[in-house]
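Peer 1: next input, structure requested:
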Amino acid sequence: MQDPGDSISKPQKPKHPGNLPRLPREYYQGDSVVHWTLTVFDRKRGWLSELFHSRFRELILHTASREGLFCPVYCLMPDHLHLIWMGLRLDTDQLNGMAFLRTHLEPTLAPAKFQPQPHDRVLRAEQRRRNAFAETCRYVLGNPVRARLVAKPEAWKFSGAAIPGYPRLNPLDPDYWPLFWKLFAKARHPDAGNIIRPPFNWKRDL
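Peer 2: From the prediction side, this is the model:
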């Protein structure tokens with residue numbers, strides 16, 4: 001079994017000018033943990049609403065069911081979106097999941113559009129440890145505060161978590177993380193980490 005954080009493969013060269021480099025597909029499969037950022041073209045605003053938030057939650061739960069994913073945290077900002085996905089199955093593919101989410105969410109974004117490619121950050125082993133991971137999620141939830149949109153994360157109404165079957169889970173609740181890790185351990189398939197990933201010394205070559 002190989003942890004996606006044990007080695008990070010060299011990003012692939014873009015196939016088309018202007019595309020962001022991507023790691024090999026295997027780094028988005030299986031039990032990978034990825035922080036995704038979807039930016040709106042030209043940073044256009046005016047689309048973020050309760051309706052958009054509701055549609056986002058609906059679609060991210062459909063994506064979770066299709067691809068075997070937990071979303072422990074997301075934060076919708078006025079001109080971009082943040083979300084973290086955790087793979088639960090050997091056949092989980094976050095690139096497929098992201099394509100599905102963007103395709104079905106973009107009509108609700110209209111007339112604005114997403115930039116052609118989302119930004120991603122695959123979390124390494126040390127970043128996936130429980131305390132470090134919770135801190136990363138808190139950082140995501142703190143985006144509205146750093147942008148001076150609200151005084152505290154709890155005041156921002158466009159953030160949360162998306163765990164199928166648990167609509168009231170709130171990553172800002174004090175008892176969230178013990179319950180989340182319990183649910184994650186129960187949902188994660190035993191073979192989710194058996195994906196074969198090309199080894200690469202990220203410290204030397206990235």
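
Peer 1: give me the below-cutoff pLDDT ranges for the protein.
Peer 2: For the chain, residues meeting the criterion pLDDT under 70 lie at 1-21, 200-206.

Peer 1: please enumerate the helices of it.
Peer 2: Using DSSP state H, the helices of the chain run over residues 50-67, 94-109, 130-141, 143-146, 176-187, 202-205.

Peer 1: make TSV out of the ones you listed and add mean neighbour count.
Peer 2: For every residue, glycine as well, the C-beta is placed using N, CA and C. Supplementary listing: the helices of the chain in TSV, determined by neighbours: other C-beta atoms under 10 Å:
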stretch	mean neighbour count
helix 50-67	17
helix 94-109	18
helix 130-141	16
helix 143-146	15
helix 176-187	14
helix 202-205	10
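
Peer 1: of all those, which one is nearest residue 161?
Peer 2: When these are compared by C-beta to C-beta, helix 176-187 sits nearest residue 161, at 7.5 Å.

Peer 1: list the contacts of the most centrally placed residue in the chain.
Peer 2: Nearest residue to the geometric centre of the chain (C-alpha atoms, centre = their mean): residue 84, 2.4 Å. By C-beta atoms under 8 Å, 6 or more residues apart in numbering, the residues touching residue 84 are 33-36, 71-74, 136-137, 140.

Peer 1: state the distance from residue 97 to residue 124.
Peer 2: For residue 97, the distance to residue 124 equals 21 Å [C-beta to C-beta, to the nearest Å].
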